[in-house]
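Visitor: With the sequence up front, the predicted model follows.
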Amino acid sequence: MLSTLKSNILLIGFLFILMVTLVVYSNHFHNPFFFDDSHTIVNNSAITSLENWTDFF
C-alpha cells in the first residue's frame, strides 16, 4: 500500500512538472530564428549534411 502510494505521488509529480514545462515552453516553438541564428544555423553549409561531421572535431 505504501509503495503504491509513493509510486502514485511520484507519477503525479512527474506529470505535473512535465505539464508545467510544456506550458512554459509552448510559445517558443513558433518563434523564428534571431540574431546569429541566420548565418550560424540556417545558411551554414557545414551542417547541411552528415558528410562534414569531421569538420567539428
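Guide: Right, received. Where do you want to start?
Visitor: When you work out contacts or count neighbours from here on, use the C-alpha atoms and nothing else.
Guide: Noted.
Visitor: Just want the phi and psi numbers for the spatially most central residue of the chain.
Guide: Residue closest to the mean C-alpha point of the chain, counted by Cα atoms, centre = their mean, is Tyr25 at 9.1 Å. The phi and psi values for Tyr25, taken as degrees, to the nearest 10, are phi -100, psi 0.
Visitor: can you pull out the helices in this protein?
Guide: Assigned by DSSP state H, the chain shows helices spanning 2-25, 37.
Visitor: Ok, which of those helices comes nearest Glu51?
Guide: Among the helices of the chain, helix 37 comes nearest to Glu51, with 21.6 Å by Cα to Cα.
Visitor: now the closest one: how far from the chain's centre is it?
Guide: Computed by Cα atoms, centre = their mean, to the nearest Å, the chain-centroid distance of helix 37 equals 17 Å.
Visitor: Would you mind checking the average pLDDT for it?
Guide: Average pLDDT, helix 37: 70.
Visitor: Return the list of helices and strands in contact with that helix.
Guide: Taking 3 or more Cα pairs under 8 Å, 6 or more residues apart in numbering; DSSP states H and E as contact, there are no helices or strands that helix 37 lies on.
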